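[1] need a structure here:
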Amino acid sequence: MVNLRADPWRSDFGTGVEIGFDDESSVVVDPTVEHAAWDRPVSPPPCPPETMTFVDGVMRIDLPVLARDGESRAWGAFGSYAAGAVRCDGAAQFLEPDEPPGRVLVVGGGIAPGPVEVPVGRSSITYQPRAAKGALPVHQRQALQRLMLECEQRTATRLAGDGIVFADGPLHLNTGSDVVVVGVVKRMVTQYLDGDCAALLPRLAPGQRTPIFALGNSVLDRYAWYLRLIPSQDNWHELAGLVRCEVRMELGLDTAVEVADRVACRLPEFAGRPGVDPRAPQNLTPVGALESRLKHRMGSATYVRRALMVKLWEDAFDD
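    Numbers count the residues shown, from 1 in each chain. Below you'll find the predicted structure:
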């Protein structure tokens, strides 16, 4: 008999777990760095309150386009992105960003447009050209996502040093070994563990974590662990409510264990609430609020799209 269990994420956001059950040869994992036996969860002792800062970014395609240069044509997209942070130390406070929202025109196929200035109301926004690695629409989205992630990582690095700083998603930091930033991955795309290690995941209770394992693509470069945020529900699948956390290996195992215990002790307090956030519980409450603020900073999607359409209509008459 086939058993079906729900994913608590709302369907228009995809799913919280997108595990590929086939092996991926480039992924390397060492589950023995903290404990060789994965027979029980790790339950950290209570810890005192401390400052926690959450960093996240948002992006959107403002308008897809077809670029033409002579007889050459390629797909492109006007896109916007932004990153910011919210600090929680008894009260939540949005931190002023050090970068304005980014505006880019991403085009593939070797076509190189110039900057495009678009009047929007009494002001204007300028889209800077960026090249995509491929000609398909997915390549423009990937280029925009890379720009957003770079902005997030710069923000997280700048804020590191005051309590725990969380970056949304896998870490791609290239900084000094003393920078403590924790990546929080809310969507499971790859199955990194198997056997007894994988069997431990559904047994985690809120605030419990797995032992730390080493992780990397081709080369081990991160320490990672899984953590449950809230109690599971009977109709959810067994991996719902889990996040993967990771830190850079340069921190050293002792520091990674200390950070993992602090995170397991405090992070469940910030879990998203089912019924309120469509990606709950993995989309943390401060992150959800930050996303709304950043989308507001990028401006109305409808208004910006309309301004772009008017700009292209006027350009067509000038040609």
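
[2] may I see the buried residues of the longest helix along the chain?
    Using DSSP state H, we find that the single longest helix of the chain is helix 137-159. Neighbour counts over helix 137-159 (16 or more other C-beta atoms under 10 Å) mark 137, 139-141, 143-144, 147-149, 151-157, 159 as buried. C-beta here means a position set from N, CA and C on the backbone, and glycine is covered the same way.

[3] in the stretch 201-319 of the chain, mark out all the strands, start to finish.
    Taking DSSP state E, counting those that start in this stretch as the criterion, the stretch 201-319 of the chain carries its strands at 213-217, 222-228, 242-248.

[4] now those as CSV including mean pLDDT?
    Formatted as CSV, these follow (pLDDT from 0 to 100):
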stretch, mean pLDDT
strand 213-217, 93
strand 222-228, 96
strand 242-248, 95
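
[5] out of those strands, which is closest to residue 266?
    strand 222-228 (10.6 Å; C-beta to C-beta).

[6] pick out the residue closest to the middle of this protein.
    With distances taken as C-alpha atoms, centre = their mean, residue 169 lies nearest the centre of the chain, 3.3 Å away.

[7] who's in contact with that residue?
    149, 152, 183-185 (C-beta atoms under 8 Å, 6 or more residues apart in numbering).

[8] thinking again about what came up before, other SSEs contacting the helix or strand that the longest helix of the chain is followed by?
    Going down the chain from helix 137-159, the next helix or strand is strand 164-168, by DSSP states H and E. Applying 3 or more C-beta pairs under 8 Å, 6 or more residues apart in numbering; DSSP states H and E, we find strand 164-168 packed against strand 52-69, helix 137-159, strand 181-185, helix 253-266.

[9] tell me which other helices or strands the helix or strand just after the first one touches.
    This points to strand 52-69. The helix or strand immediately downstream of strand 52-69 is strand 72-88, counting by DSSP H and E. Other helices and strands packing on strand 72-88, by 3+ C-beta pairs under 8 Å, 6+ apart, are strand 52-69, strand 92-95, strand 102-107, helix 137-159, helix 285-298.

[10] tell me the strands beside strand 72-88, with direction?
    Taking DSSP bridges as the criterion, strand 72-88 sits next to strand 52-69 (antiparallel), strand 92-95 (antiparallel), strand 102-107 (antiparallel) in its sheet.

[11] sorry, back to before: tabulate the strands of the stretch 201-319 of the chain (a markdown table), appending distance to residue 276.
    Converted to a markdown table, the strands of the stretch 201-319 of the chain look like this (distance: least, C-beta to C-beta, whole Å):
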| stretch | distance to residue 276 |
| --- | --- |
| strand 213-217 | 31 |
| strand 222-228 | 19 |
| strand 242-248 | 18 |
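
[12] let's have these in CSV, adding mean neighbour count.
    What follows is those, written out as CSV (neighbours: other C-beta atoms under 10 Å):
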stretch, mean neighbour count
strand 213-217, 19
strand 222-228, 25
strand 242-248, 23
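
[13] to residue 36, which of those strands lies closest?
    Taking C-beta to C-beta, strand 213-217 is the member of the strands of the stretch 201-319 of the chain nearest to residue 36, at 11.1 Å.

[14] could you say what helices and strands the closest one packs with?
    Applying 3+ C-beta pairs under 8 Å, 6+ apart, one finds that strand 213-217 makes contact with strand 27-30, strand 222-228.

[15] what does the last one rub up against?
    Outside of strand 222-228, the residues within contact range by C-beta under 8 Å, 6+ apart are 33, 42, 171, 183, 192, 201, 204-216, 241-249, 251, 253, 256, 260, 263-264, 267-268.

[16] if you set the cut-off to 7 Å instead, what comes out?
    With C-beta atoms under 7 Å, 6 or more residues apart in numbering as the test, strand 222-228 has contacts from 171, 201, 204-206, 208-216, 241-249, 253, 256, 260, 263-264, 267.

[17] make CSV out of the contacts of residue 169 and add distance to residue 286.
    Supplementary listing: the contacts of residue 169 in CSV, determined by distance: C-beta to C-beta, whole Å:
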residue, distance to residue 286
149, 19
152, 14
183, 16
184, 11
185, 16
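
[18] can you tell me which of those residues lies closest to residue 295?
    Using C-beta to C-beta, residue 152 is the member of those that sits closest to residue 295, with 14.9 Å.

[19] so the closest one sits against residue 55, correct?
    Yes. With contact defined as C-beta atoms under 7 Å, residue 152 and residue 55 form a contacting pair (5.7 Å).

[20] residue 52 reaches residue 88, doesn't it?
    Yes. Contact criterion C-beta under 7 Å: residue 52 and residue 88 qualify, at 4.9 Å.
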